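>>> have a look at this fold, sequence not included:
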């Protein structure tokens, strides 16, 4: 079934986005994760990824046009599929191209209403959900960071029945990077909330409805979910007509879903169809809809089990692979839920390690002169300068001399940045954040020191904003303060390289006459994406970093 691609909220202050570039055209095949366009927000130009697979059927926004949050910009579906009814009620997207398709949609709706050959007469007597004007708007989970795939609703700040104004805080959402406030962009009454506190919602998933009191919420939800069957509307009516804040828990759904008779399983027609197409045993899918009903998002998120779907023919293999087959541990243990941040770290770094061909270059750097200079700098610096700040500055200067390292792999092209934004890995309790020191090559050591300390404080308090972690062109991970001699780091996408920095250690060196003298050595390892950076290129970059740190005064002039 055709799916609309809407303008996501890519930053906490974003109200609209401008299509800077289209990377796909109508007729192209799209896979989940493909970059279909570049979007300019109020903070940065970011890649817009598709979460749907199929053919790009429609583009409703020209390059350079602006689109409000949640406005439809494209449609993905099956080749030749009629998608026009999907555009009705999609909201203005700021494109003059949309006027003609909208007229065609209206004509198509009249044909559907008059020529519906469905054997179920009740469907024609329904209020024709796509044609009915409903004075309400769905609130979807926005994309609050460039890596966010889902968000956990931490707390509701409004309840059903409350009046809501544009700019009011609806809820707090935990992303993979921070806990952020979700603002309302519509005015009216909060008619429906479909997510309980603590539950995760995929990006663009419906979480609430705002509109006029008495608006037909159930019809709106049926339309937005693309599941306008009688059964689906009745299920939603049971919940929405009661204006309950959150659908009831699904304790009984597990028993229903596990039933052998698939006809008794509560699932939408679209979910059944998708499950059949993907070869998924629908009895193994846990429903997240009302009363445990299985809907499209449940089938879409059933990826791990989907791979094991043929297991019905090979039960022994499945049992061997299933985690449940593992013996129970002897003694006490604790199962810790995976946070949004940890999920994203696992996904992104797995993708990086297994898709980007890594190679590693290790070098020793004499830090004697850096250690002599640092106390003198701190005598006059407004912020205490660390060795890590000196490494950041050295890398930034070296990146300007070696632009091939200051690059990113984009599949069909290599993007070479003309600015230097250095991401600095910061450890927090839930995982790892990488705030960005922008234009690091142009900043003094004291300015870099102040920014890094501020980022570290914000990270620990979960106050980092998307503008703080977006736009890195190179990254640094320093474990020297933990006494680690050397290590290798996984590249932080979309960067082409990351530098792993070890501790400064005093070792013995030999002069030509055989006498021994102490030297302070720091080992660094550069992880390189071989698709972008070759061995000679990476080596030349490291040699420049080494020269700058061994003669640190050269960074200051």
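Structure's in. What do you need? Predicted model only: the values in this text are computed from it and were never measured.

>>> and the residue nearest in space to the middle of the chain, helix, strand or coil?
With the centre of the chain defined as its mean C-alpha position, the nearest residue by CA atoms, centre = their mean is residue 148, 2.0 Å away. Secondary structure assignment for residue 148 (DSSP: H, G, I helix; E, B strand; the rest coil): coil.

>>> need the nearest residue in space to residue 445, chain neighbours excluded.
Sequence neighbours aside, residue 385 is the residue nearest to residue 445 in space, at 4.9 Å (criterion: CB to CB, 6 or more residues apart in numbering). For the C-beta atoms, the positions are set from N, CA and C on the backbone; glycine is no exception.

>>> part of a strand, is the one you found?
No - residue state for residue 385 (three-state DSSP) corresponds to coil; a strand is not indicated.

>>> list the contacts for it?
374, 377-378, 445-446, 449 (CB atoms under 8 Å, 6 or more residues apart in numbering).

>>> and what of residue 378?
384-385.

>>> per-residue pLDDT, it?
What the model reports as pLDDT for residue 378 is 93.

>>> so after the host helix or strand of it, what's the next helix or strand?
Using DSSP states H and E, the secondary-structure element containing residue 378 is helix 368-380. On the C-terminal side of helix 368-380, the closest following helix or strand by DSSP H and E is helix 387-401.

>>> circling back to that earlier point, how near is the residue nearest to the centre of the chain to residue 141?
Distance of residue 148 to residue 141, computed by CB to CB, to the nearest Å: 9 Å.

>>> residue 161: which of the contacts of residue 385 is nearest?
Taking CB to CB as the measure, residue 161 lies nearest residue 449 of those, at 50.6 Å.

>>> quick check: residue 59 vs residue 187, distance?
Distance from residue 59 to residue 187, counting by CB to CB: 30 Å.

>>> next one: residue 524
55 Å.

>>> those two - which one has more neighbours?
residue 524 (24 against 14; other CB atoms under 10 Å).

>>> are we agreed that residue 209 is in a helix?
No - Residue 209 sits outside any helix when classified using three-state DSSP, being strand.

>>> got the phi and psi for residue 535?
phi -60, psi -40 (degrees, to the nearest 10).

>>> residue 549 too?
Torsion angles, degrees, to the nearest 10, at residue 549: phi -80, psi -30.

>>> isn't it right next to residue 390, touching?
Yes - using CB atoms under 8 Å, residue 549 makes contact with residue 390 at a distance of 6.6 Å.

>>> returning to that earlier point: out of the contacts of residue 385, who's nearest residue 29?
For the contacts of residue 385, the nearest to residue 29 is residue 449 (48.7 Å; CB to CB).

>>> show the average pLDDT along the helix or strand containing the closest one.
Assessed by DSSP H and E, residue 449 sits inside helix 445-460. Helix 445-460 carries an average pLDDT of 91.

>>> ok, now stretch 403-418?
pLDDT averaged over stretch 403-418 gives 92.

>>> name the residues of that stretch that are buried.
By 16 or more other CB atoms under 10 Å, the buried positions in stretch 403-418 come out as 404-409, 417.

>>> could you export those residues as CSV, including secondary structure?
Shown next, in CSV, are these (three-state DSSP):
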residue, secondary structure
404, coil
405, coil
406, coil
407, strand
408, strand
409, strand
417, coil
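
>>> just give me the closest of those residues to residue 205.
Relative to residue 205, and with distances defined as CB to CB, the nearest of these is residue 408, at 29.1 Å.

>>> show me the contacts for the residue nearest to that closest one when sequence neighbours are not counted.
Excluding the flanking residues, the one nearest residue 408 by CB to CB, 6+ apart is residue 494, at 4.0 Å. Applying CB under 8 Å, 6+ apart, we find residue 494 in contact with 408-410, 415.

>>> sorry, back to before: next, the residues that contact the helix holding residue 449 from outside, please.
With CB under 8 Å, 6+ apart as the test, helix 445-460 has contacts from 377, 381-386, 388-390, 392-393, 424, 426, 428-429, 433, 435, 437, 440, 443, 464, 468, 555-556.
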